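Student: Predicted model follows, preceded by the sequence.
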Amino acid sequence: MKALQGREGRPTIIECETPVCAEGQVRIRVIAAGLNRADLLQVAGLYPPPPGVSDILGLECAGIITEVGAGSSWQVGDRVCALLAGGGMAEEVCVDARHVLPVPEGLSLLEAAAVPEVYVTAWLNVFQLAKLQPGEKVLLHAGASGVGSAAIQLCKAFNSPCWVSVGSAERLAYCQELGAEGGVLREQGIEGLQDFAPFDVILDPVGASYAAQNLKMLAVDGRWVNIGLMGGRRAELDLAQLLGKRVQLIGSTLRSRDDAFKGELMAQLADKVWPLFASGALQAQAEEVFAWQDAEAAFARLASNQVNGKVVLQIAVE
């Protein structure tokens, strides 16, 4: 089969062996795959897959089940989307059946490919780890990103006001259309977010460059979840503030979590989140679609930090 792999710093279509569908897995004929920042890092050699995971790119996909391993209740022909540790940017992928969900009602397969990774990430970090409660205030850095756009909609759906930091006025308007109360432009400094503080929960993919200001803006008993290091890995903090506010600083990654943990997360999404697509409270943000033969252009587009929502690669036609 054909698949997309990082070669010499570039996403490259290669020929490779077709995966074997093991017990408890399903085989998916991939129609589309979501592109995430982790894919950019993997191509650059900065984020290798966990041990035992395929080095084919792609942490989420959507398609049609063509084979069902023993122990699975899925049926051949089911239209699904899946959370992956790798392997989604290929003609076929075999995945733990627990990591697969039906395409949300009203979504196309192209749209569904933009859903699993970002909604699982937002749900895990904001609602499970940070234990967001209705009415609590949330700050989302990189609010117009895939994870940010998912988190904004979830916060609105569960009655928690949120604010964002973004890179442009156009992206701030995009976030407000999704449900954000307001925010600031990164180039003007995130200090302006102090006007909306204190925040009960901060979701931060930036890291070091925002760390000191995050601590100042957190409420007493605030929860700060760090999910990325776009702004560096080393920071100096006033730990007296951390103690005085009883702040919880939580480091979080998803890709390396075990299969059972991911399966439980997907079950929670099926119960709590998927019905919100049917009601219209949530919308997939598949803003830009590229043919996977144009993967290099798609990767460059995501790297530009100008994308609202998600970039999707179309692998095949349904």
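Tutor: Ah, there it is.
Student: Check the gap between the residue nearest to the spatial centre of the chain and residue 214 for me.
Tutor: Note on the chain: the residue nearest the mean C-alpha position is residue 118, at 2.3 Å, using CA atoms, centre = their mean. To residue 214, residue 118 is 21 Å away according to CB to CB, to the nearest Å. Backbone N, C-alpha and C define where each C-beta goes, glycine included.
Student: Please apply the same query to residue 32.
Tutor: In terms of CB to CB, residue 32 sits 35 Å off from residue 214.
Student: Which one's more surrounded, these two?
Tutor: Between residue 32 and residue 214, residue 32 has the larger neighbour count (other CB atoms under 10 Å), namely 27 against 24.
Student: which neighbours does the lengthiest strand in the chain have in its sheet, and in what orientation?
Tutor: In the chain, assigned by DSSP state E, the strand with the most residues is strand 25-35. Strand pairing for strand 25-35, determined by DSSP bridges: strand 60-68 (antiparallel), strand 92-96 (antiparallel), strand 310-314 (antiparallel).
Student: right, so these: which one is the most enclosed?
Tutor: strand 310-314 (a mean of 25; mean count of other CB atoms under 10 Å).
Student: What lies in contact with it?
Tutor: Applying CB atoms under 8 Å, 6 or more residues apart in numbering, the contact partners of strand 310-314 are 4, 31-35, 89, 110, 113-114, 118, 146, 149, 284-292, 295, 298, 301-302.
Student: and what of stretch 93-102?
Tutor: Here stretch 93-102 makes contact (CB under 8 Å, 6+ apart) with 19-22, 24-28, 30, 56, 58, 61, 63, 65, 67-69, 71-74, 78-84, 87, 116, 259-260, 262-263, 266-267, 269-270, 274.
Student: Name only those of those that count as buried.
Tutor: Buried members of the contacts of stretch 93-102, counted by 16 or more other CB atoms under 10 Å: 19, 21, 25-28, 30, 56, 58, 61, 63, 65, 67-69, 72, 74, 78-84, 87, 116, 262-263, 266, 269, 274.
Student: Now the helix or strand following the longest strand of the chain: buried residues?
Tutor: Using DSSP states H and E, the next helix or strand after strand 25-35 towards the C-terminus is helix 37-43. Across helix 37-43, burial judged by 16+ other CB under 10 Å covers 37, 38, 39, 40, 42, 43.
Student: For the residues you listed, work out which two are farthest apart.
Tutor: Greatest spatial distance among these (CB to CB): 37 and 43, at 10.8 Å.
Student: List the contacts of the nearest residue to residue 143 once chain neighbours are set aside.
Tutor: In this structure, residue 143 finds its nearest non-sequential neighbour in residue 164, 2.7 Å apart by CB to CB, 6 or more residues apart in numbering. For residue 164, the contacting residues are 139-141, 143-144, 148, 152, 172, 175, 180, 182-184, by CB under 8 Å, 6+ apart.
Student: Residue 182 against residue 163, yeah?
Tutor: Yes. Assessed by CB atoms under 8 Å, residue 182 is found in contact with residue 163 at 5.6 Å.
Student: So for these two, which sits in the more crowded spot?
Tutor: residue 163 (25 against 15).
Student: Could you give the backbone dihedrals for the more buried one?
Tutor: phi -130, psi 160 (degrees, to the nearest 10).
Student: do you know how far it is from residue 294?
Tutor: Distance, residue 163 to residue 294, by CB to CB: 35 Å.
Student: What of residue 214?
Tutor: Noted for residue 214: a distance of 37 Å to residue 294, by CB to CB.
Student: Likewise for residue 308?
Tutor: For residue 308, the distance to residue 294 - CB to CB - is 19 Å.
Student: These two: who's more crowded?
Tutor: Using other CB under 10 Å, the more surrounded residue of residue 308 and residue 294 is residue 308, with 22 against 15.
Student: Do a quick rundown of the helices in the stretch 201-318 of the chain.
Tutor: With helices called from DSSP state H, counting those that start in this stretch, the stretch 201-318 of the chain shows them at 208-217, 239-244, 259-268, 274-279, 295-303.
Student: could those helices be laid out in TSV, adding mean pLDDT?
Tutor: Converted to TSV, these look like this (pLDDT from 0 to 100):
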stretch	mean pLDDT
helix 208-217	94
helix 239-244	93
helix 259-268	97
helix 274-279	96
helix 295-303	96
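Student: Single out the most deeply packed of these.
Tutor: helix 208-217 (a mean of 19).
Student: starting at the chain centroid, how far to it?
Tutor: Chain-centre distance of helix 208-217: 22 Å, with CA atoms, centre = their mean, to the nearest Å.
Student: same deal with stretch 61-80?
Tutor: 23 Å.
Student: domain assignment for this structure?
Tutor: 2-115+255-314, 118-251 (automatic domain parsing).
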